[in-house]
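**Student:** sequence first, then the predicted structure, then my questions.
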Amino acid sequence: GGIVGMNANSKIVNCYNAGAVKGISNVGGVTGYNYSYNHDKKTEVENCYNTGTVSGTENIGGISGLSDEYVTITNSYYLSDSETDSCDGTTFKTEAQFKSGEVAYLLQGDQTEDVWGQSLGTGTYPALGGDKVYTGYTSHGEIVFSNNPVVTPEHIYNNGFCDCGDYEEPKLVDGYYEIDNAGKLYWFAEKVNSGDTAINGKLTADIVVNEGEITAETDSESVRHWTPIGNYDNQYIGRFNGGNHTISGLYYNNSETDYAGLFGYAGANSTVENVGVINSYINGNKYVSGIVGY
């Protein structure tokens, strides 16, 4: 059961089902059973959705009831209160996600023609030939969908952190990233831990990550957690000059992990100098220190 009962070496693309489907076995909102008798020819389901309820006794799915290993299902979605299926390429979405335009935007994908759309505010579900859906972010990092192009505002940083989750990028001056707030320090750590291990950093102000007294008794959910700069796989090999400034409020608490501190692992020819770590709590397994674990 479904729009197509049995799909063999064929392609089903850009279609939807909004009606209830009920059967015994191999029952799906779009296709009941996908299989390939000729492995040189693809069997595909692409850019489809289902909002109808699906029921049966065996092999039941929001998009497809059953698909063999040679079948490809991509970019297809079903309403969360439909039967859940385990076929790769299918994803459940809530009523709110359908109504917001999120599913219509996903169905548009990278198709060269405007196949899918939705009149937001009046249309509940994606429509073939509907109004194009655009996406962007608010200044607080919330994703929005609109029938008009969305201009994402500039990041609003507080102590170097944006509500969207991004860190403020420090300026590179004379070969050193100048760090004057906590977000820039986190940016530096993420940069090193992503493999750019030879960069240089310099503090140009005292840094406060978390306010107040940080101890072993600190509520871990009330503070920002720290990830040490450098690890076994990405050993820091640059030069870090604290400029006689302090970093306070670091919180790292993982007793199962080695290499903990402001720096986790400083490799050959690295330099860490002129920096103080105060009012911080750092707890690890082996190689643990306030400044450099190893």
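**Tutor:** Everything's here; your move. Numbering: from 1, shown residues only.
**Student:** buried residues in the top strand by length along the chain?
**Tutor:** In terms of residue count, the longest strand belonging to the chain (DSSP state E) is strand 239-248. The neighbour-count check on strand 239-248 (16 or more other Cβ atoms under 10 Å) flags 239-243, 245-248 as buried. Heads up, the C-betas are built off the backbone N, CA and C, glycines and all.
**Student:** mind listing the strands that strand pairs with, and their directions?
**Tutor:** Its sheet considered, strand 239-248 pairs with strand 201-203 (parallel), strand 207-208 (parallel), strand 271-278 (parallel) by DSSP bridges.
**Student:** need the strands for the stretch 151-294 of the chain, in chain order.
**Tutor:** 157-158, 161-162, 171-173, 176-179, 201-203, 207-208, 239-248, 251-253, 271-278, 281-283 (DSSP state E, counting those that start in this stretch).
**Student:** let me know the closest of the buried residues of strand 239-248 to residue 188.
**Tutor:** residue 240 (8.4 Å; Cβ to Cβ).
**Student:** isn't the closest one up against residue 273?
**Tutor:** Yes - between residue 240 and residue 273 there is a contact under Cβ atoms under 8 Å: 7.3 Å.
**Student:** for the nearest residue to residue 189 once chain neighbours are set aside, grab the count of nearby residues.
**Tutor:** Nearest non-adjacent residue to residue 189, counting by Cβ to Cβ, 6 or more residues apart in numbering: residue 229, 4.5 Å away. Residue 229 has 28 neighbours, counted by other Cβ atoms under 10 Å.
**Student:** how about the one 3 residues further on?
**Tutor:** The local packing of residue 232 (other Cβ under 10 Å) involves 12 other residues.
**Student:** so who does it touch?
**Tutor:** Going by Cβ atoms under 8 Å, 6 or more residues apart in numbering, residue 232 touches 258-259, 265.
**Student:** the same query, at a cut-off of 6 Å, please.
**Tutor:** residue 265 (Cβ atoms under 6 Å, 6 or more residues apart in numbering).
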